[in-house]
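In: coordinates only, sequence not included:
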C-alpha cells in the first residue's frame with residue numbers, strides 16, 4: 001500500500017510539473033528561469049545531440065545557470081525527461097470541421113504521430129512511466145478517442161483500443177529508428193543459410209518471398225499501415241455485426 005501511495009504521489013508531482021510548464025508562458029516573457037525555459041532548452045539539446053547527452057548539469061550550462069538553480073523548478077532528471085516528451089509532442093493536428101469519416105481520422109492520427117516519432121526519435125528512448133498525464137499527450141489521446149467514440153465503439157473498449165494503437169505505433173517507430181538497413185537487406189540470406197526447413201518450415205518458405213530477400217530495405221512504414229488497416233477492418237466488421245444484430249432484435 002505504501003508503494004502505491006508513493007507512486008500516486010509521484011505521478012501527481014509529474015502531472016503538476018507538466019501542467020505548470022504549460023502555464024509558464026507569462027513567466028517566460030520576464031526572461032527569468034522557469035520550468036518551461038528549462039524544458040525548452042532540454043528539448044533543443046535532445047533534438048540536436050540525442051537524449052543521452054541531456055543532464056541537469058548540461059541544461060544548466062546551456063542556460064547559463066547553476067545546476068542547483070534548475071532543481072528549484074525541476075525535481076530530477078526523470079521529471080525533466082517526462083516534461084520534455086510532453087513538450088516535444090506538441091498539439092495534435094486540428095481535425096477537419098465538420099468531422100469526416102472516423103476511420104480516416106484515425107489513420108490521419110497514426111500518420112501524424114508516426115512522423116512525429118521519426119522527426120524526434122529521442123522521444124522513443126524515454127521511459128514510459130505512466131499513462132498520459134501531460135496536456136499535450138492528453139490532447140493527442142483525446143484526438144484518437146474522439147473518432148473512436150463517433151464510430152460507436154463501446155465506452156469500455158475505447159481506451160483499450162486507443163492504447164493498443166498508440167503503443168503499436170510507438171513500438172514500430174522505435175524499431176524503424178533503430179533498425180540497421182544493411183542488416184535488414186541481408187535478413188533473407190541469413191535465414192536461408194541457417195534455418196532448417198524441417199524445424200522452421202514457414203520461415204524458410206517466406207525467406208524466398210519478396211520482403212525477405214536482398215532487396216529488403218528495412219522500411220517499417222508498410223507494416224504500420226497494414227496493421228492499422230486490418231485493425232480498423234475488424235472494428236468496422238464488429239460494429240456492422242452489432243448493428244445487424246440490433247436491427248434483428
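Out: The structure has been received and is ready for your questions. In this text, all values refer to a predicted model and were calculated from it rather than measured experimentally.
In: What are the contacting residues of stretch 37-44?
Out: Around stretch 37-44, the neighbours that count as contacts under Cβ atoms under 8 Å, 6 or more residues apart in numbering are 21, 24, 28, 54, 59, 62-63, 70, 73-74, 80, 83-84, 87-88. In this view, the C-beta of every residue, glycine as well, is placed from N, C-alpha and C.
In: Secondary structure element for the residue most central in space within the chain, which one?
Out: By Cα atoms, centre = their mean, the chain has its centre lying nearest to residue 170, at 4.2 Å. Taking DSSP states H and E as the definition, residue 170 sits inside helix 155-178.
In: buried set for the helix ranked longest in the chain?
Out: When the chain is parsed with DSSP state H, its longest helix is helix 221-248. The neighbour-count check on helix 221-248 (16 or more other Cβ atoms under 10 Å) flags 224, 228, 231-232, 235 as buried.
In: contacting residues for residue 224?
Out: 110, 114, 168-169, 172-173.
In: what's the answer for residue 76, then?
Out: Residue 76 neighbours (Cβ under 8 Å, 6+ apart): residue 56.
In: per-residue confidence at it?
Out: Note for residue 76: predicted pLDDT of 91.
In: From residue 44, how far off is it?
Out: 20 Å (Cβ to Cβ, to the nearest Å).
In: okay, now the domains of the chain?
Out: 2-89, 102-179+220-248 (automatic domain parsing).
In: I'd like the distance between residue 84 and residue 47.
Out: Residue 84 is 10 Å from residue 47, by Cβ to Cβ.
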